[in-house]
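> Here is my input; please provide its structure:
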Amino acid sequence: RLSDHAWHGIEGSTDSEVMLALIGDAWDASIETEPLARLAAAMRQSVELVEAVRKDAGVGESSFLNMALTDGQRAVVSRFVSSGPDEAHSLYYATGRLVVERGQGRVAPDGAGEPAVVVASEPLGPDDAWRAVPPNHLVLVSADRQVELAAL
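Numbering: from 1, shown residues only. Next up is the predicted model:
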C-alpha cells in the first residue's frame, strides 16, 4: 500500500520508517492546503491504514501509536491504541514557557520570551499546567503555539 517512491526510501526494517513512509504518501496525496490540517490528515490517514492492515492480517495485538510529526513550525502528536482507550499510553501537554532548573523541567505561565508547547509522555514536574491528552486523539500545535485536540 506504499508508493514505489516511499517503498524505495525505506533503508532499514523499523516500524518508524514504514510509518514515516505512510505519512509521506498521505501528505503527497492530501488535498488540504493549510499546513497544520495537512499534517493532521496525513497522520490520521496513516493510523487508519495501519489499523486496516492490522485487521485484514488478523493481528490480534493492539497498535500503540504515540507519534510526533512536525514541519518545523507546526506539530501533530498522536495518542492512539487500537484495543480500547483504557490501555492507551499516556500523553500530556503544557503551554507557556519551558524552564529547566537543576535537571527538573517545568512549564512557567506565559510571560517574557517566546511561547512554547511541550508534549511529553508524562508531566515534567508537579506543575498543574499539564493537561492529559484523551486516548485516541491528536494534539495539533499551530505555528503561533495554539493547541487544539482532535479525536482520531
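> average model confidence for the strand or helix carrying Ala37?
When elements are assigned from DSSP states H and E, Ala37 belongs to helix 35-56. Helix 35-56 shows a mean pLDDT of 93.
> and if you look at stretch 140-152?
Stretch 140-152 comes out at a mean pLDDT of 95.
> Check what contacts that stretch and list those residues.
35-36, 39-40, 44, 47, 73-78, 80, 93, 95, 115-117, 119, 133-134, 136-139 (Cβ atoms under 8 Å, 6 or more residues apart in numbering). To be clear about C-beta, it is placed using only N, CA and C from the backbone, and glycine gets the same treatment.
> Restricting to C-alpha, output that stretch in CSV.
What follows is stretch 140-152 as a C-alpha-only set of coordinates in CSV (Å, rounded to 0.1, in the frame of the first residue of the first chain):
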residue,chain,number,x,y,z
LEU,A,140,-2.5,20.0,17.0
VAL,A,141,0.1,22.7,17.6
SER,A,142,-0.2,25.7,15.3
ALA,A,143,2.7,28.0,14.2
ASP,A,144,1.6,30.5,16.9
ARG,A,145,1.7,27.8,19.6
GLN,A,146,-2.0,27.4,19.9
VAL,A,147,-3.2,23.9,20.9
GLU,A,148,-6.2,22.1,19.7
LEU,A,149,-7.2,18.5,20.4
ALA,A,150,-8.9,16.4,17.7
ALA,A,151,-10.4,12.9,18.0
LEU,A,152,-8.8,10.1,16.0
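> Next, the buried residues of that stretch.
Across stretch 140-152, burial judged by 16 or more other Cβ atoms under 10 Å covers 140-141, 145, 147, 152.
> wait, which of those is closest to Ile31?
For the buried residues of stretch 140-152, the residue nearest Ile31 by Cβ to Cβ is Leu140; the value is 17.9 Å.
> Just give the closest residue to that closest one, not the sequence neighbours.
Glu148 (4.5 Å; Cβ to Cβ, 6 or more residues apart in numbering).
> Report the two of the buried residues of stretch 140-152 separated the most.
Between any two of those (Cβ to Cβ), the greatest distance is 22.0 Å, for Arg145 and Leu152.
> which among the contacts of stretch 140-152 end up buried?
Here, 16+ other Cβ under 10 Å leaves 36, 39-40, 44, 47, 74-78, 80, 93, 95, 116-117, 119, 133, 136-139 buried among these.
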